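# Here is my input; please provide its structure:
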Amino acid sequence: MLKAQQDPHFTQHMHNHMTVNPAFAGQQNRWIISGIYRNQWLGMPDAPETYALNVDGPLKIGGVGLNLMNDKLGVQNMLHLMLNYSYKVPLRFGMFGIGVRAGVVNAKIGSNYFIPGDDNHADVKDDPAINQQDVSKMLFDMGAGVFLTGKTYYAGMALSHLTKPKFTLGETGRFFLAPSLSLTAGYTFQVGASWALQPSAYLMTDFVSSQYVVNMNAVFRQSYWGGVSYRYQEAVAFMGGLELKNGIMVGYSYDLNVSKVGKYVGGSHEVTLSYSFGMTWGKRQKVYKSVRFL
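Next comes the predicted model:
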C-alpha cells in the first residue's frame, strides 16, 4: 500500500489562504487573482514542483472562489480543480466565514520507477502493489473551513480531502489522499507611523505526521515587506516583496534547508504574484490602490 504525502506547503502561506481554506473566499471584500510557484530542493532529480492559481471575490450571496493547483513529485502528479463558497457573518469584532469546496483531482502515477540494480531490490514486475503502466484517475474531492478576519488579526481552520479520494495501483496497491487539517493565525502590531510587525503561524497535519511554521514579517508604509520563517526541523526561509499602487503585489522567498538531508539537496524558491481590484456589477470597475497584508 502507498500512502500519499501531506499536501504541498507554501512558505508564503500568509499570502496564500485561498489555496487551503475555502472560507477565505470574499473575505477581503474585493476580487483577487493570485498565483504562486514553488520549486523545492533544487538539484534533486524529480524534486517537488508546485504551482497554484486562485481567484476569489464577494457576491451578494457570499464569497466565491476558484482554485487550480498542480503538484508534481517524482512519478506522482496531482492536478486539483476546486470551486469554493463562503457564507460570511459580520461580527462586532470582525468578519467570520464558513466555507466549503468541491471539485476533482486528476491523479497520475507514472510507471518509470527507479529500482537499484542489486539482489536486494525486486523488479517492478514482481510487485503486485505497483502499477506496470502509467495510471490516471479523476477523483472527487471536498473540503471545508472557517476563517475570521479582524482589523489587526486573522485566524483560520480548514479540513481537506474529506472524501479521502483513492484508487487501486497494480493488483493490490492502493493510493489515497489522506484527510488533513490546517490551522493558521496572524496579528499586526503597528510600530510608529510607518512600520508594522506581523507575526504568524501555520500548522498542517494528516493526523500521522505534522509540520508547523512560525514567521515574522516587517512592513514599511504598507508597501514593502520582508521577514524570516522557521519550518520545524526542515528550513529557515527568507522572504520579501512589494505592493504597487495599481493593486499588484509581488513576493519572493528562499528556503535554506537545515534538515539532515540538507547537504544532499539545495534550497527552495517560491514566487507569489497577485492583483487586487474592486468590481460592482453594472458600474465602472475600480482598481484598489493598496493590497492589505494579513
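
# where does this protein have low pLDDT?
Scanning the chain for pLDDT under 70 picks out the ranges 1-6, 114-126, 129, 131-132, 170-171, 279-294.

# hmm, try it at 80
Low-confidence segments of the chain (pLDDT under 80): 1-6, 43-46, 110-133, 168-174, 260-264, 278-294.

# where do the helices sit along it?
For the chain, applying DSSP state H gives helices covering 17-20.

# Residue 182: neighbour count?
Neighbourhood size, residue 182 [other Cβ atoms under 10 Å]: 24. To be clear about C-beta, it is placed using only N, CA and C from the backbone, and glycine gets the same treatment.

# what does the one 10 residues further on give?
The burial metric for residue 192, expressed as a neighbour count using other Cβ under 10 Å, is 6.

# Using PDB, write down the CA coordinates of stretch 90-97.
Extracted in PDB, the C-alpha atoms of stretch 90-97 (Å, rounded to 0.1, in the frame of the first residue of the first chain):
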ATOM      1  CA  PRO A  90     -20.500  40.100  10.100                       C
ATOM      2  CA  LEU A  91     -19.500  40.200  13.800                       C
ATOM      3  CA  ARG A  92     -18.700  43.100  16.100                       C
ATOM      4  CA  PHE A  93     -15.000  42.100  16.100                       C
ATOM      5  CA  GLY A  94     -14.600  41.000  12.500                       C
ATOM      6  CA  MET A  95     -15.900  39.000   9.600                       C
ATOM      7  CA  PHE A  96     -16.500  35.300  10.100                       C
ATOM      8  CA  GLY A  97     -16.600  33.000   7.100                       C
END
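
# tell me which residues in it are buried?
94-97 (16 or more other Cβ atoms under 10 Å).

# do stretch 101-111 as well
Within stretch 101-111, the residues scored as buried using 16+ other Cβ under 10 Å are 101-105, 107, 109.

# so which of those comes closest to residue 187?
Minimum distance to residue 187 across the buried residues of stretch 101-111 is 26.3 Å, recorded for residue 101 (Cβ to Cβ).

# you'd agree that closest one is up against residue 22?
Yes - using Cβ atoms under 8 Å, residue 101 makes contact with residue 22 at a distance of 3.9 Å.

# Which neighbours do those two have in common?
82, 84-85, 143-144 (Cβ atoms under 8 Å, 6 or more residues apart in numbering).

# Between the residues you listed, which sits nearest residue 15?
Nearest to residue 15 among the shared contacts of residue 101 and residue 22, with distances taken as Cβ to Cβ, is residue 84, at 17.1 Å.

# Residue 98 is in contact with the closest one, correct?
No - using Cβ under 8 Å as the test, residue 84 is too far from residue 98 to be in contact (11.6 Å).

# ok, these two, which is more surrounded?
Between residue 84 and residue 98, counted using other Cβ under 10 Å, the more crowded position is residue 84 (26 against 16).

# What are the buried residues along stretch 209-229?
Neighbour-count burial for stretch 209-229 flags 211, 213, 215, 217, 219, 223, 225-227, 229 (criterion: 16+ other Cβ under 10 Å).

# Quick one: residues contacting residue 233.
Taking Cβ under 8 Å, 6+ apart as the test, what residue 233 contacts is 258-259.

# Nearest residue to residue 217 in space, please, no chain neighbours.
Closest residue to residue 217 apart from its sequence neighbours, by Cβ to Cβ, 6 or more residues apart in numbering: residue 227 at 3.4 Å.

# swap in residue 275?
residue 33 (4.9 Å).

# any idea how far residue 272 is from the one you found?
Per Cβ to Cβ, to the nearest Å, residue 33 is found 12 Å from residue 272.

# more crowded one of those two?
residue 272 (23 against 16).

# My guess is that one contacts residue 250. True?
Yes - under the criterion of Cβ under 8 Å, residue 272 makes contact with residue 250 at 7.1 Å.

# Which neighbours do those two have in common?
Common neighbours of residue 272 and residue 250 (Cβ under 8 Å, 6+ apart) are residue 241.

# Which pair of the buried residues of stretch 209-229 spans the longest distance?
211 and 223 (31.1 Å).

# who's in contact with residue 17?
Taking Cβ under 8 Å, 6+ apart as the criterion, residue 17 is in contact with 24, 27, 147, 154, 156, 184, 294.

# Distance to residue 278 and neighbour count for the residues you listed - can I get that in a markdown table?
Output for those, formatted as a markdown table (distance: Cβ to Cβ, whole Å; neighbours: other Cβ atoms under 10 Å):
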| residue | distance to residue 278 | neighbour count |
| --- | --- | --- |
| 24 | 18 | 30 |
| 27 | 14 | 28 |
| 147 | 20 | 28 |
| 154 | 20 | 21 |
| 156 | 23 | 24 |
| 184 | 25 | 25 |
| 294 | 18 | 22 |
